[in-house]
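Undergrad: Dropping a prediction and its sequence here:
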Amino acid sequence: MHLAVSGNIGSGKTTLTEKLAKHYGWKAEFEAVDDNPYLPDFYEDMKRWAFHLQVYFLNSRFNQLKKIQASSTPTIQDRTIYEDAYIFAANLYKSKLLNERDYANYTNLFHSMISHVNAPDLLIYLKADIPKLVGQIEKRGRSYETAMRIDYLKNLNAHYEEWISNYKEGKLLIIDVNELDFVERAGDFSFIVEKIEREMFGLFA
C-alpha cells in the first residue's frame, strides 16, 4: 500500500506524514529538503538555480518511488513526483525562471521516468490558503524560506488547484486544513484518519 501526502509549502505534509506513519506503524518516505544542496541557493537566486534544483528533486523522487514499489512494506510518502513537474517546474517556467530549453529538457526527463512508476493508491491533498501557509512557514523557521515571496506561494496554490482538479492517476482525498490543527488537537487528527480510512476501505475492502 502506498499513500502520498501532497500540498503547498507549509501545508503540513511532512508533519502529517510523520503522524500517519506512527499511527499505522508504516514506513515514511520524506522529501530531500535538508540534504538538498541547491535549496538555499535557489531561494537566493531562483533563475540561476531553478533547473538544478528541479532535476535534483526529480531524481530523488524517482529513486524514492522505485524503492517504495520494490518494498512490500506499506509506505506514506511526503510529496509526489507529479508535484515536481506539474507544480514546481511548471510554475518556474511560467514565471520565466526556467527557460524554454531547460523546461523542455526537464519535461522529457520527467515523462521518461513516469512511465516506470505507479501512482499512489491514495493521494491526500492538503488544501491551505495563503495565511495558513505563511503562518506554518514562519513557525518552522527555516532561514532560507524567509526570502520566499507571497506571490510565489499564490502561484503555487493556483497550480495545485489546477492539477488536483484534473488528477486522474488514482484515488484522491482532499482535506481542507485551514481550520485544522492536527498537531495540537487530537480530534483534528482523528478527523483526518477517519477520512483516510473511509477511502482506504473503499479501495481495499
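TA: That came through fine. Numbering: from 1, shown residues only.

Undergrad: Same question for the strand or helix carrying Asp188: list its buried residues.
TA: With secondary structure defined by DSSP states H and E, Asp188 is part of helix 186-204. Judged by neighbour count using 16 or more other C-beta atoms under 10 Å, the buried positions of helix 186-204 are Phe189, Ile192, Ile196, Glu199, Met200. Placement of C-beta: from N, CA and C, glycine included.

Undergrad: wait, which of the residues you listed is closest to Ile175?
TA: Out of the buried residues of helix 186-204, the one with the shortest distance to Ile175 is Ile192. That distance is 6.0 Å, counting by C-beta to C-beta.

Undergrad: ok, the closest one to Pro40 distance?
TA: Shown here: Ile192 relative to Pro40, a distance of 32 Å by C-beta to C-beta, to the nearest Å.

Undergrad: can you check Tyr86 too?
TA: The value you get for Tyr86 to Pro40, if C-beta to C-beta is used, is 24 Å.

Undergrad: out of the two, which sits in the busier spot?
TA: Of the pair Tyr86 and Pro40, Tyr86 is the one with more neighbours under other C-beta atoms under 10 Å, namely 19 against 14.

Undergrad: Contact partners for that one?
TA: Counting by C-beta atoms under 8 Å, 6 or more residues apart in numbering, Tyr86 touches His159, Trp163.

Undergrad: Asp188 now?
TA: Contact partners of Asp188, counting by C-beta under 8 Å, 6+ apart, are Leu180, Asp181, Phe182.

Undergrad: Who are the packing partners of the least confident helix or strand in the chain by mean pLDDT?
TA: Averaged element by element with mean pLDDT, DSSP states H and E, the chain has its least confident helix or strand at helix 130-140 (a mean of 81). The contact analysis (3 or more C-beta pairs under 8 Å, 6 or more residues apart in numbering; DSSP states H and E) places helix 130-140 against helix 150-165.

Undergrad: Distance check, the closest residue to Asp181 other than its chain neighbours against Met46.
TA: When the adjacent residues along the chain are set aside, Asp181 lies closest to Asp188, with 5.6 Å between them (C-beta to C-beta, 6 or more residues apart in numbering). As judged by C-beta to C-beta, Asp188 and Met46 stand 34 Å apart.

Undergrad: before we move on, what about His23?
TA: Going from His23 to Met46 by C-beta to C-beta gives 36 Å.

Undergrad: swap in Ala186?
TA: 39 Å.

Undergrad: Separate out the buried members of the contacts of Asp188.
TA: Of the members of the contacts of Asp188, the ones counted as buried by neighbours, 16+ other C-beta under 10 Å, are Leu180, Phe182.

Undergrad: Please convert the contacts of Asp188 to TSV, extending it with distance to Leu122.
TA: As requested, those are exported to TSV (distance: C-beta to C-beta, whole Å):
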residue	distance to Leu122
Leu180	18
Asp181	23
Phe182	17
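
Undergrad: Which member of the contacts of Asp188 is positioned nearest Lys67?
TA: Within those, the smallest distance to Lys67 is 26.8 Å, found for Phe182 (C-beta to C-beta).
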